[in-house]
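> Following is a predicted model, sequence given first.
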Amino acid sequence: MIRLPAGNLVASASLIGGSCKYLQVGRRQVRDHGAELEVSLDQMAAIIQGATAMRDAAESLGMVACAAAATDLSHLFQKFPHPEKGHLSFGERELDELIGGLDYLLRTFRDELDARPLFALSPGNAGLYDQVDPLFGSAVDDAFPSSAEDIVEAGKSLAVGRWTGAVMHLMRALEAPLAALSVHVGIADGANWNKQLNQIESSLRATSKASDGADEEQWAAEAASYFRAIKNAWRNHAMHGRSFYDEERSKEIFDAVRGLMRHLAGRLSE
């Protein structure tokens, strides 16, 4: 996937199009009156900047014809007359070449761009893709650093509509917290979630208000029920190819996993 500066690119294409029209009007005046058209250095600098932006985008997208048009235009720029008092003076022949080069750049860019599918993220999803802060909070990242990459990828998957992929990354993100919970209750970490949860739940049933306190008993019970619910509702299906998920379900799972990991990060770490 290629990321483009969309706003700058649209502005550049608009500038090139507007410049073509301006130069065409100027060429008509040159023909009618036999004078030269004066174009300010600032305007020429803007044209060159816009053409450069379009060339860079064309090269990134593999737009061969457009990139070649931009190269030809850059060679044409080198043939410009020397500036005089803050402007360039163009005769009819030079304007023909310049207008033709700009117009060809714009047409090849439009035609080749039409042949490529482009996608845009909504403002809400853009935040899931460009993650300024950890999606589950800094406490979760600090407690379970090996889960951080899967959490990031889950957010990116949601942003681009890969719902089942997001769920699979979320299930992977829970591996480290499950291992930490196993250590917390005094059992060996294992590869089988069901066996591991059975042992965790058995150990947690031994937790009591008298020996461990009411807060610890409640915390442990909530942790176990969270994990069991996620396993039965989603993990078995997602990780064994039984289900595909839509937007609503994947976001529900995202919220559930975030809630569980925040709950665990209050007392556990890798």
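Received it, and whenever you're ready, just let me know what you need. Residues are numbered from 1 along each chain as shown.
> Strands of the chain, start to end?
Assigned by DSSP state E, the chain shows strands spanning 37-40, 87-90.
> now the ones you listed as CSV including distance to Arg249 and mean pLDDT?
Where you see a C-beta, it was placed from the backbone N, CA and C, and this is true even at glycine. Formatted as CSV, those follow (distance: least, Cβ to Cβ, whole Å; pLDDT from 0 to 100):
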stretch, distance to Arg249, mean pLDDT
strand 37-40, 58, 91
strand 87-90, 61, 90
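> What is the burial count for Ile230?
Ile230 has 22 neighbours, counted by other Cβ atoms under 10 Å.
> quick one, which of the strands of the chain is packed in tightest?
strand 87-90 (a mean of 18; mean count of other Cβ atoms under 10 Å).
> Which other helices and strands does it contact?
Other helices and strands packing on strand 87-90, by 3 or more Cβ pairs under 8 Å, 6 or more residues apart in numbering; DSSP states H and E, are helix 6-33, strand 37-40, helix 41-60.
> helices or strands up against the longest one?
I take that to be helix 6-33. strand 37-40, helix 41-60, strand 87-90, helix 92-114.
> Equivalent analysis for the last one, please.
Applying 3+ Cβ pairs under 8 Å, 6+ apart, one finds that helix 41-60 makes contact with helix 6-33, helix 64-77, strand 87-90, helix 92-114.
> Pipe the helices and strands packed on helix 6-33 into CSV and attach distance to Ala68 per row.
Converted to CSV, the helices and strands packed on helix 6-33 look like this (distance: least, Cβ to Cβ, whole Å):
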stretch, distance to Ala68
strand 37-40, 25
helix 41-60, 9
strand 87-90, 24
helix 92-114, 8
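> For Lys79, find the nearest of these.
helix 92-114 (8.0 Å; Cβ to Cβ).
> What residues sit buried inside that closest one?
Neighbour counts over helix 92-114 (16 or more other Cβ atoms under 10 Å) mark 94-95, 98-99, 101-106, 108-109, 112-113 as buried.
> Spatially nearest residue to Trp193 (excluding sequence neighbours)?
The spatially closest residue to Trp193, leaving aside those adjacent along the chain, is Lys231, at 5.4 Å (Cβ to Cβ, 6 or more residues apart in numbering).
> Could you do Leu174 as well?
Val257 (6.4 Å).
> so that neighbour touches His169, yeah?
No: using Cβ atoms under 8 Å, Val257 is not in contact with His169, being 9.6 Å away.
> Quickly list the domain ranges of the chain.
6-114, 127-265 (automatic domain parsing).
> for the record, mean pLDDT for stretch 49-65?
Stretch 49-65 comes out with an average pLDDT of 92.
> shift numbering so it begins at 48
All set: I'll call the first residue 48, so the last point we hit is now stretch 96-112.
> Settle this for me: Leu307 is touching Ala271, isn't it.
No: Leu307 is not in contact with Ala271 according to Cβ under 8 Å; the separation is 10.7 Å.
> and Val304 and His216? which has more neighbours close in?
It is Val304, of Val304 and His216, that has more neighbours when counted by other Cβ under 10 Å, with 27 against 24.
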